[in-house]
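Peer 1: Any chance you could fold what I've pasted below:
(chains A and B)
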Amino acid sequence: MKIKINEEAGITHVSIEGRLDTLSSHDFEKQILPLATPQANILLDCSAFEYISSSGLRQFLLLQKAVIASEGQLTIRDLKPEIREVFDMTGFSALFTFESSKTKPPHRSVER
Amino acid sequence: MKWIKKIQYSFSAKLSFYVLLSTITIFLISFLFFSVFTGRTIRDSAHGKAKNLLAITQYKIENVFTSIKTVHNNFQWAIIDRGIEADSLFSLTRDILESNPYIFGCAVAFEPHYFEEKGYYFSPFSSRQGEEIETIQLGTEQYDYFSMEWYAAPKRLNSPYWTDPYYDEGGGQMLMTTFSTPLYDREGAFIGVLTADVSLDWLTDLVNEVKPYPSSYSVLLAHNGTYIIHPRKEYIMHESIFSVAERFGIDALKEAGTRMTNGESGMAELENTSVDDYIKSYIYYTALPSNGWSLGMVTHKKEIFWELRKTRIITLLFFLIGLLFLYVLCRGIVHKLSKPLSDFSHSAREIARGNFHAELPHIKSKDEMMELKNSFSFMQQELVNYTRELKETTSKKERIESELHIAREIQMGMIPKIFPPFPDRNDLDLFALLRPAKEVGGDLYDFFIDNDRLYFAIGDVSDKGVPASLFMAVTRSLFRSVATHYDDPAQIVLSMNNSIAETNDANMFVTLFIGILNLSTGTLSYCNAGHNPPVLITPEGKVSFMKVKPNMAVGLFDGFPYQFETMTIEKGSTLFLYTDGLTEAENREQALYHETRLIQELENAASQSPRELIHTIVESVNRHVNGAEQSDDLTILAIHYIK
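Peer 2: Purely as a prediction, here's the structure:
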């Protein structure tokens, strides 16, 4: 997994490439979780994100909880459908804000 | 070639070799300079010395010749002034010998009948006979001096004359040369000659009195180049410098002869001749102005340079001895200095064999060897520490492994493993499989029958390994304790969720599918908490994923409103439940097994019993994975509702 982080106009752009499984979860935990500083606005670019395991889901959850606790904001952009399916299946979709770079105004996903 | 090997493999030999090589080079260069410089100096000094001695000898001879001339001048006037009394001339010649030791014989010879009373021949003559001086009347019929060179030549030339050397049989009885001065009366008429004999032996002794080197010798040449003095007696008066040069083909000698007979002074160098006497020699020469003879001094180069050669040989000898000494010394010193290296090498081998406390060489000096020793002992210490740590780690790991093994047994003991589990029931066949990716895992399944109802659950804890296994144990226990209190699967999940979420600081979660199948009616009520939707295989063999509400995984949000669903299962249907370890099983290229493949395989095996079905699917997964490491826990539960 490759993680690129870059600050721009008060928004922390994080792009995740490749797979988030048990092994790479540690990298995620070390590099991305600390970004949840007070009022942080984090944009996760998932256009090149290929696979998520249940431990990966947990990392997303931890990040979301940390962001909420620090009164920040977390947006997941361009998540691939097959991964979105995993989010849907576990009921996690309800916890996150998703957006697509094609249909701009971000929307809150509807619980199924 | 043994020594080459030695130089390659022995440090001391190598170093000594290079030291010697440099020493030899430096020495040879110095030796060459020394040789050339010294050679020149020696040659120049030899030239100077020889020329000096030659001048001295020339001076001595000239001195004698001039003295003789003076004597003659004085006595010439004495004879004429006295009015010549014939008999007084005997004592006169005697006087001359007595006062001039270098004159061997002296005669006054007169023209025939100059003194009437004395007859045809009259020539008083004194000569040395040993210590004595003998005086006689020389001229007789047997000794007709008028035709002799010493008489005829000055008379003819009207001037003093030096004869060429000759053997005088009547007079001196020896090899001599004679100086004759013509005598004239008051009217200027020739009346006779006054002579002085000089012995060639005496002249030779004079010439040989001084010589620059023991084997040097002198030669005296007459006007025409004939040898007057030469170490080889047979050459005297018989050979000339030209005849010798001709005979032996020595051009340099011929040229020197020409210069000498021309009255020049100088030096000639004779090289590469086959004649012993002249082998590589210098010939220094000068003229005798009195009579036009030429004096030469021959010195062998060999002798001149012998000292140099001797010095060279001694120097070389000393150098060789020194070199040998240096080599031995070098070897010794380097061997001594590098001895610790081989000791260190020995120690290193000892250490490599596992003897970390191997003794190190004893080093006294505070140089690099000491540094090496310090590094070695540091290494020893570190090795000991490292090994100890490694042992500790290993034993810790072993302990953990054995603990994990026990944990696995405990975990496996928590799930039902006896199949068929309800042998006395003819309406239900059920089979399950749990295969953790590690020793212990986070997957679970469970089932039991209560009141003709089958309670069953399958779950997957986020992550795997020990933390997941603990979470799994908690989940399983909760399910067992909660399930029988409710008829509603959503209530069961709700209750479990609330219990777990209350204390879930780690934010772990478990996806669960919990179902209750009424075996008498075929009514299935179920609650899916974020788990993969199960597959339903109808009696006709139709295979499809069940439509389920996702809800939320268990353990995260206290009070989440879980909802249940119901459906009726036809007899003859099979419920196929699984965890994502199945659909997400990866091969080496990280390609997933995937749901579509699962559906396909199930369609093909739709009529199989739960045991066969699971076996078929696992085989199919194994083929897909093809030996790659199992990436996630794998759990399958198949329930067949028998017709």
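Peer 1: distance between the strand ranked longest in chain A and the chain's centre?
Peer 2: Secondary structure assigned by DSSP state E gives strand A:41-52 as the longest strand of chain A. Its chain's C-alpha centre lies 6 Å from the corresponding centre of strand A:41-52 when counted by C-alpha atoms, centre = their mean, to the nearest Å.
Peer 1: strands paired with it, and their directions?
Peer 2: In the sheet, strand A:41-52 lines up against strand A:11-20 (parallel), strand A:73-77 (parallel) (DSSP bridges).
Peer 1: Around chain B, pick out the residues from chain A.
Peer 2: Counting by C-beta under 8 Å from any C-beta of the partner chain, the residues of chain A close to chain B are A:19, A:21-22, A:25, A:51, A:53-55, A:57-58, A:61-62, A:65, A:88-94, A:112. Using the backbone N, CA and C atoms, a C-beta is placed for each residue, glycine as well.
Peer 1: Go through the residues you listed and flag which are in helices.
Peer 2: A:22, A:25, A:54-55, A:57-58, A:61-62, A:65, A:88-89 (DSSP state H).
Peer 1: Show the contacting residues for the closest residue to residue B:499 other than its chain neighbours.
Peer 2: Using C-beta to C-beta, 6 or more residues apart in numbering or on different chains and skipping the chain neighbours, the partner closest in space to residue B:499 is residue B:478 (5.8 Å). Contact analysis of residue B:478 by C-beta atoms under 8 Å, 6 or more residues apart in numbering or on different chains lists B:495-496, B:499-500.
Peer 1: Nearest to chain A among those residues?
Peer 2: residue B:500 (13.9 Å; C-beta to the nearest C-beta).
Peer 1: Could you pull up the contacting residues of residue B:538?
Peer 2: Going by C-beta under 8 Å, 6+ apart, residue B:538 touches B:570, B:572-573.
Peer 1: Against residue B:575, how distant is it?
Peer 2: 11 Å (C-beta to C-beta, to the nearest Å).
Peer 1: Who are the contact partners of residue B:632?
Peer 2: Residue B:632 touches A:53-54, B:437, B:464, B:579-581, B:584-585, counting by C-beta under 8 Å, 6+ apart.
Peer 1: sec struct for it, please.
Peer 2: Under DSSP: H, G, I helix; E, B strand; the rest coil, residue B:632 falls in the coil class.
Peer 1: Please report the distance of it from residue B:464.
Peer 2: 6 Å.
Peer 1: Between these two, which contacts overlap?
Peer 2: Shared contacts of residue B:632 and residue B:464, defined by C-beta under 8 Å, 6+ apart, comprise residue B:437.
Peer 1: out of the ones in helices among the residues of chain A next to chain B, which is most surrounded?
Peer 2: residue A:54 (30 neighbours; other C-beta atoms under 10 Å in any protein chain shown).
Peer 1: right, and it touches residue B:443 too?
Peer 2: No - using C-beta atoms under 8 Å, residue A:54 is not in contact with residue B:443, being 10.3 Å away.
Peer 1: Which residues are in contact with each of the two?
Peer 2: Here residue A:54 and residue B:443 share the contacting residues B:460-461, scored by C-beta under 8 Å, 6+ apart.
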